[in-house]
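Colleague: the following block contains a protein sequence and its predicted model.
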Amino acid sequence: MSLDAVTLLYLVASVCFIQALKGLSNPKSARLGNAFGMAGMAIAMLTTIALIAARAATLGSNLSLGMGLIVVALLIGGSIGSVVAARVEMTKMPELIAAMHSLIGLAAVCIAYAVVSEPSAFGLETMLPVGNRIELFVGTFIGAITFSGSVIAFGKLSGKYRFRLFQGAPVVYPAQHLINLILALAIVALGVAFVLTRAWAPFIAMTLIALAFGILIIIPIGGADMPVVVSMLNSYSGWAASGIGFSLDNPMLIIAGSLVGSSGAILSYIMCRAMNRSFFSVILGGFGAQAATAGAAAREERPVKSGSADDAAFLLGNAESVVIVPGYGLAVARAQHALKELTDKLSGKGVDVRYAIHPVAGRMPGHMNVLLAEAEVAYDQVFEMDDINPEFGQTDVVLVLGANDVVNPAARTDPQSPIAGMPILEAYKARTVIVNKRSMASGYAGLDNELFYMDKTMMVFADAKKVIENITKALD
């Protein structure tokens, strides 16, 4: 395959990736965006395989063995990916994404070690130019941090492991910031030593420290910030791939990695703004622990107004306008299809039904949008926070399903609250609020929610799917 053909095909793949990101920015075009992404990756993979085959033929290498290994790897990886994609539940999607990020980071590290071990196999000079060493250093330490950090994020998001590092609560220890600073400086110093000497010892030591650093920067981050962490690790994986792309002189890796890295960084910034937190405060960690302590200290036994599904059905059925606020509880209960049936029945009675989505609702960006799309909710019924907030004051009933921190009025009314200034869905302005939760347990931020104690609020305690199904029956 000629160099011009490779360049053209990589350019086409790059355009597909750009169109994929553009399509995924809106629920209406998300399917087309996915199609562009898959097409771009297919073109990139096939072009790279053809390029490897051409290079092997030129160098007189054992082409059949190499291509056989590539085909086997593709079959194994593709089979595992297909099975996982078919079986994964929407509630498990965040940890699956974290797991995928870890594999990208590990791949970057493995490629870097292969290049350092045998540069000539990648068309590089045996002694490796200084520029290539810098690129390998950058790609390796970012890849190592991405791998170990993503493993910890996976454990925290899954909530299945008893090992303390995998618990949702932050793991805070004395002098953690000083230790992290020392490790960061050690990574840079060892990287400089590798660049100057091309010795294995500093390269291996740098990798091991980077792996430890990835663990230590994630364990202090609490559940409230995990959506940002997922986005941040996504960005890291992109930059790791881009750094390795420079070493291999592979424009496809550079472009794809840069797109992933920049889009992940932008998304992290947007989500930090949505929580009124700086990116550095998230990375420094400990927020969940502080908030949980503050919330536990402030929480006391207070009366709430509770009701049944029949009571909720009466309020919803007699309303003219209803806004539904979905949260993680809806995802856990897998109640999106039952909710669609409920809203269809309300719409049939002439009720104006809309959905309000907070940017950080759920466990990852767009989590609620995907759930509603899975239930085939009409896109024109789904509104982002800035668009729906002015409407709450004229809304008869707001139905909150498993959401907590994103509707907490303390963000507006309590300057001392850990979430003070955080943009929220202003459900408290509605005439009546119905909140469905399993219990009075706090959300990720560990704070009591003043919305639950308002006179206008009625709590309905039970599994979201059961409550929604009972409300639907009561509307008959």
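Modeller: Structure received.
Colleague: can you give me the buried ones in stretch 393-408?
Modeller: Neighbour counts using 16 or more other CB atoms under 10 Å place 395-408 of stretch 393-408 among the buried residues. All C-beta spots, glycine's among them, are computed from the backbone N, C-alpha and C.
Colleague: now the element after the lowest-mean-pLDDT helix or strand in the chain, going C-ward?
Modeller: The least trusted helix or strand in the chain, going by mean pLDDT, DSSP states H and E, turns out to be helix 287-298, with a mean of 47. Using DSSP states H and E, the helix or strand that follows helix 287-298 towards the C-terminus is helix 309-317.
Colleague: how far is that next one from where the chain is centred?
Modeller: Centroid separation for helix 309-317 versus its chain: 35 Å, with CA atoms, centre = their mean, to the nearest Å.
Colleague: and for stretch 217-237?
Modeller: 8 Å.
Colleague: and it, what's its mean pLDDT?
Modeller: Per-residue pLDDT values over stretch 217-237 give a mean of 79.
Colleague: which helix or strand contains residue 441?
Modeller: Per DSSP H and E, there is no helix or strand for residue 441.
Colleague: farthest-separated two in the buried residues of stretch 393-408?
Modeller: Pairwise distances across the buried residues of stretch 393-408 peak at 24.3 Å for 396 and 405 (criterion: CB to CB).
Colleague: for stretch 113-129, which outside residues touch it?
Modeller: When contacts are defined by CB atoms under 8 Å, 6 or more residues apart in numbering, stretch 113-129 is touched by residues 55, 132, 136, 140, 198, 200, 203, 244, 247, 248, 249.
Colleague: kindly reformat these as TSV containing neighbour count.
Modeller: Output for the contacts of stretch 113-129, formatted as TSV (neighbours: other CB atoms under 10 Å):
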residue	neighbour count
55	16
132	22
136	29
140	30
198	17
200	12
203	23
244	27
247	28
248	21
249	13
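Colleague: show me where the stretch 201-350 of the chain has its helices.
Modeller: Counting by DSSP state H, counting those that start in this stretch, the stretch 201-350 of the chain has these helices, from start to end: 226-248, 251-274, 279-284, 287-298, 309-317, 328-333, 336-348.
Colleague: between those, which gets the lowest average pLDDT?
Modeller: It's helix 287-298: among those, that one has the lowest mean pLDDT, namely a mean of 47.
Colleague: hang on, the earlier thing: by pLDDT, give me the weakest of the buried residues of stretch 393-408.
Modeller: Among the buried residues of stretch 393-408, residue 405 has the weakest pLDDT, 84.
Colleague: and the gap between that one and residue 259?
Modeller: From residue 405 across to residue 259, the span is 31 Å (CB to CB, to the nearest Å).
Colleague: gap between the nearest residue to residue 267 once chain neighbours are set aside and residue 332?
Modeller: Once flanking residues are discounted, residue 267 sits nearest to residue 231: 4.6 Å by CB to CB, 6 or more residues apart in numbering. Look at residue 231 and residue 332: by CB to CB, they are 21 Å apart.
Colleague: what do you get for residue 113?
Modeller: Computed as CB to CB, the residue 113 to residue 332 distance reads 41 Å.
Colleague: cool, residue 40 as well?
Modeller: 34 Å.
Colleague: between these two, who's got more neighbours?
Modeller: Of the pair residue 40 and residue 332, residue 40 is the one with more neighbours under other CB atoms under 10 Å, namely 22 against 17.
Colleague: what values do phi and psi take at residue 47?
Modeller: When quoted as degrees, to the nearest 10, the phi and psi of residue 47 stand at phi -70, psi -40.
Colleague: burial of it, as a residue count?
Modeller: A count of nearby residues for residue 47, using other CB under 10 Å, gives 20.
Colleague: I'd like the average pLDDT over stretch 375-388.
Modeller: pLDDT averaged over stretch 375-388 gives 90.
Colleague: what do you get for stretch 136-143?
Modeller: Confidence for stretch 136-143, expressed as mean pLDDT, is 92.
Colleague: picking that back up, in strands, which of the buried residues of stretch 393-408 fall?
Modeller: 397, 398, 399, 400, 401 (DSSP state E).
Colleague: can you tell me how far the closest residue to residue 202 other than its chain neighbours is from residue 187?
Modeller: Excluding its sequence neighbours, the residue lying closest to residue 202 (CB to CB, 6+ apart) is residue 193, at 3.9 Å. For residue 193, the distance to residue 187 equals 11 Å [CB to CB].
Colleague: more crowded one of those two?
Modeller: residue 187 (23 against 17).
Colleague: pull the distance from whichever strand or helix holds residue 12 to the chain's centre.
Modeller: Using DSSP H and E, residue 12 maps to helix 3-24. Computed by CA atoms, centre = their mean, the separation of helix 3-24 from the middle of its chain amounts to 24 Å.
Colleague: so which elements touch it?
Modeller: With contacts taken as 3 or more CB pairs under 8 Å, 6 or more residues apart in numbering; DSSP states H and E, helix 3-24 sits against helix 30-59, helix 251-274.
Colleague: okay, angle between that helix and helix 251-274 too, please.
Modeller: With axes from the mean of the first three to the mean of the last three CA atoms, to 10 degrees defining the directions, helix 3-24 sits at 20 degrees from helix 251-274.
Colleague: now do residue 70 against residue 40, distance only.
Modeller: From residue 70 to residue 40 the distance is 19 Å (CB to CB).
Colleague: make that residue 93, sorry
Modeller: 21 Å.
Colleague: what about the nearest residue to residue 25 once chain neighbours are set aside, how many neighbours?
Modeller: Leaving out its chain neighbours, the residue that sits closest to residue 25 by CB to CB, 6+ apart is residue 33, at 7.7 Å. Per other CB under 10 Å, the neighbour tally for residue 33 reads 18.
Colleague: as JSON lines, the helices of the stretch 201-350 of the chain with distance to residue 145 would be great.
Modeller: Putting the helices of the stretch 201-350 of the chain into JSON lines (distance: least, CB to CB, whole Å) gives the following:
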{"stretch": "helix 226-248", "distance to residue 145": "6"}
{"stretch": "helix 251-274", "distance to residue 145": "13"}
{"stretch": "helix 279-284", "distance to residue 145": "12"}
{"stretch": "helix 287-298", "distance to residue 145": "20"}
{"stretch": "helix 309-317", "distance to residue 145": "47"}
{"stretch": "helix 328-333", "distance to residue 145": "27"}
{"stretch": "helix 336-348", "distance to residue 145": "35"}
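Colleague: for residue 455, find the nearest of those.
Modeller: Comparing the helices of the stretch 201-350 of the chain by CB to CB, helix 309-317 comes nearest, at 14.2 Å.
Colleague: who are the packing partners of that closest one?
Modeller: By 3+ CB pairs under 8 Å, 6+ apart, helix 309-317 packs against strand 397-401, strand 432-437, strand 457-461, helix 464-474.
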